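> Sequence unavailable; structure follows:
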């Protein structure tokens, strides 16, 4: 299912970088990047998938767990390079546009045994 997202293009020292921006007032949602490309959308309140339910349960029941630690555990267990934000520190905003993207939830097998 394609959803409209705001895609912001930045000019950096490494060249052009595209980042998906959810908005300033979004809570409980994250865009997960793999190889500097937006790959997954986590939404712990809509719970579109079983993985969103598992992540929500991990965040609520374990006070030491954050979305960053969950992503780090997924990377360690599956040998991936997932990250939460690819927005560079030093950047020049080039353009901002809406785009229809298909960003599925994280696959269930990534979060089942965390």
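That came through, no problem. Just so you know, these numbers come straight off a predicted model, no measurement behind them.

> Not counting its own residues, what contacts stretch 70-79?
32, 55, 58-59, 80-84, 106, 110-111, 113-114 (Cβ atoms under 8 Å, 6 or more residues apart in numbering). Any C-beta I mention is one placed from the backbone N, CA and C, and that applies to glycine too.

> Other residues contacting whichever helix or strand residue 20 is part of?
In this structure, residue 20 is located in strand 15-21 according to DSSP states H and E. Around strand 15-21, the neighbours that count as contacts under Cβ under 8 Å, 6+ apart are 5-11, 31, 36, 38, 85-88, 91, 94, 96, 101, 103.

> hmm, try it at 10 Å
Strand 15-21 is touched from outside by 5-11, 31-33, 36-38, 41, 85-88, 91, 93-97, 99, 101, 103, with contacts defined as Cβ atoms under 10 Å, 6 or more residues apart in numbering.

> list the helices and strands the helix or strand following it packs on?
Of the helices and strands lying after strand 15-21 in sequence (DSSP H and E), the nearest is strand 29-34. Contacts of strand 29-34 with other secondary structure elements, assessed using 3 or more Cβ pairs under 10 Å, 6 or more residues apart in numbering; DSSP states H and E, are made with strand 15-21, strand 37-43, helix 67-78, strand 82-83.

> could those be laid out in TSV, adding distance to residue 49, mean neighbour count and mean pLDDT?
Formatted as TSV, the entries for the helices and strands packed on strand 29-34 read as follows, by distance: least, Cβ to Cβ, whole Å; neighbours: other Cβ atoms under 10 Å; pLDDT from 0 to 100:
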stretch	distance to residue 49	mean neighbour count	mean pLDDT
strand 15-21	18	15	89
strand 37-43	9	18	92
helix 67-78	15	16	93
strand 82-83	16	18	93
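
> got these as TSV, with distance to residue 51 columns?
Formatted as TSV, the entries for those read as follows, by distance: least, Cβ to Cβ, whole Å:
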stretch	distance to residue 51
strand 15-21	18
strand 37-43	8
helix 67-78	10
strand 82-83	13
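
> Okay then, goodbye and thanks.
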